[in-house]
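Engineer: Give me the fold of what follows.
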Amino acid sequence: MAAKRLSLLTLVILTACGGGGGDRAAADSLSRDLQRLPVDSSAVLADHPAVAQPAPAPKPTPVAAKPKPRPAPRPAAPAPPTPRMLTSGTVVATTIESEVSSKIHKVGEKVTTTVASDVADAQGRVVIPAGATVTMTITEIRESENKGDKTGKLTLTPTEIAFGGLSYQLEASAQALDRKLVDRKTNAGDVAKVGAGAAAGALVGRVIGGNTKGAVIGGILGGAVGTQRAVETQDRDVVVPAGSRVELTLGGDFVI
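Structural biologist: Numbering: from 1, shown residues only. Sure, this is the predicted structure:
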C-alpha cells in the first residue's frame, strides 16, 4: 500500500511541474494501473487438482425374458375302432372234441367243438380266431329204428363261443358232417320180435295143416320172418366221432 501511495504522490508532482502530452500519457497509464484490482500475493490460492468424477456406471442392458415353453399339444384321441362283424349266413368250420353217440348221450347235455381256422370280416379282419371254443347243447338225439332211417336224429344247438378270455352269445345252427350209424347188438326187444314171428308161424301152420308137421313147418317159417323183422327193425346208434367236422351257420350278425 505504501508503494501505491508513493506512486500517486510522484504523479501529482510531475503534473504540477509541467504538463505536456507525455505527462498526460503517463497520467493515463498511471490511472489505468490504479484501476487494477489489488492482488494480495500473500493469499493462499485454493488451487487443487480437480478430482476426477467416476464415470457413471453403464445402465444394464435389459435382458429379454425367455418365452415360457408352450406345453406340447395333447395327441388327438384315437378314433374308436370300427366293430368287426360277421353277417348272418357266415359258415364257421369246427371239429368236435369228443365222440357223441345216441347210445350214451341225452338231450340237454353239452358238447364242445373247436374253430378250425380264422374267420374274417369283409375287410379281412379276423373276427373269430382259430382255436375258439364253441359250446353246444344236444337238443334232439335218437337212434335209427329201422333200415329206412338212414341218419337217426341228432340236433346240436350252438349257444356260446369263447376266445381271448371272453365269451360271446352265439346264434347259429350246426350240422355234423361225419355222422354215421352203428348197429347195436340184438337186445331183448329184438328177441321178442323174433319170438312173436315164430309163434305167429306156428299158429298159421296149425290152421293150414291141422297137424304137428304143419305146426313145425309154420314155426320155422314164422321164425324166419321174425328174424328178418328183427334185422329190419334193429336199432342203430347215431355216432359223431371225435375230431369230426361240425359246420356252423350263423343265424344272425355276430359283432365284437
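
Engineer: and the gap between Met136 and Ala120?
Structural biologist: For Met136, the distance to Ala120 (Cβ to Cβ, to the nearest Å) stands at 23 Å. C-beta here means a position set from N, CA and C on the backbone, and glycine is covered the same way.

Engineer: meant to ask about Thr137
Structural biologist: 27 Å.

Engineer: again with Thr133
Structural biologist: Taken as Cβ to Cβ, the span from Thr133 to Ala120 is 19 Å.

Engineer: Now do the strands in this protein.
Structural biologist: In the chain, strands defined by DSSP state E lie at 85-86, 91-96, 100-101, 110-115, 119-120, 126-128, 133-142, 153-163, 166-169, 172-176, 180-183, 236-240, 245-250, 254-255, listed in chain order.

Engineer: okay, those in a markdown table with distance to Pro69 next?
Structural biologist: Shown next, in a markdown table, are the strands of the chain (distance: least, Cβ to Cβ, whole Å):
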| stretch | distance to Pro69 |
| --- | --- |
| strand 85-86 | 46 |
| strand 91-96 | 56 |
| strand 100-101 | 70 |
| strand 110-115 | 54 |
| strand 119-120 | 47 |
| strand 126-128 | 44 |
| strand 133-142 | 54 |
| strand 153-163 | 47 |
| strand 166-169 | 44 |
| strand 172-176 | 58 |
| strand 180-183 | 77 |
| strand 236-240 | 70 |
| strand 245-250 | 56 |
| strand 254-255 | 46 |
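
Engineer: Please identify the deepest-packed of these.
Structural biologist: strand 236-240 (a mean of 22; mean count of other Cβ atoms under 10 Å).

Engineer: could I get it in PDB with only the CA atoms?
Structural biologist: Extracted as PDB, the C-alpha positions of strand 236-240 are listed here (Å, rounded to 0.1, in the frame of the first residue of the first chain):
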ATOM      1  CA  ARG A 236     -78.600-148.300 -34.900                       C
ATOM      2  CA  ASP A 237     -77.000-145.500 -33.000                       C
ATOM      3  CA  VAL A 238     -76.100-142.100 -34.400                       C
ATOM      4  CA  VAL A 239     -72.400-141.500 -33.800                       C
ATOM      5  CA  VAL A 240     -70.300-138.500 -34.400                       C
END
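
Engineer: Any chance you could list what contacts that strand?
Structural biologist: 96, 99-103, 141-144, 149, 151-154, 176, 178-184, 246 (Cβ atoms under 8 Å, 6 or more residues apart in numbering).

Engineer: what do you get for stretch 109-128?
Structural biologist: 84-86, 90, 92-98, 100, 105, 129-138, 156, 161, 163, 174, 245-246, 248, 254, 256.

Engineer: got the CA positions of it in CSV?
Structural biologist: Taking Å, rounded to 0.1, in the frame of the first residue of the first chain, the C-alpha atoms of stretch 109-128 are listed here in CSV:
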residue,chain,number,x,y,z
GLU,A,109,-76.1,-132.4,-22.4
LYS,A,110,-73.3,-130.1,-23.5
VAL,A,111,-70.6,-130.8,-26.2
THR,A,112,-67.8,-128.6,-27.4
THR,A,113,-66.2,-128.0,-30.8
THR,A,114,-63.1,-126.0,-31.8
VAL,A,115,-62.9,-123.5,-34.6
ALA,A,116,-60.7,-124.9,-37.3
SER,A,117,-59.4,-121.7,-39.0
ASP,A,118,-59.7,-117.9,-38.7
VAL,A,119,-62.9,-116.4,-39.8
ALA,A,120,-62.5,-112.8,-41.1
ASP,A,121,-65.0,-110.0,-41.9
ALA,A,122,-65.4,-108.2,-45.3
GLN,A,123,-62.3,-106.0,-44.5
GLY,A,124,-60.1,-109.0,-43.9
ARG,A,125,-60.0,-108.5,-40.1
VAL,A,126,-60.2,-111.7,-38.0
VAL,A,127,-63.4,-111.9,-36.0
ILE,A,128,-63.3,-115.4,-34.8
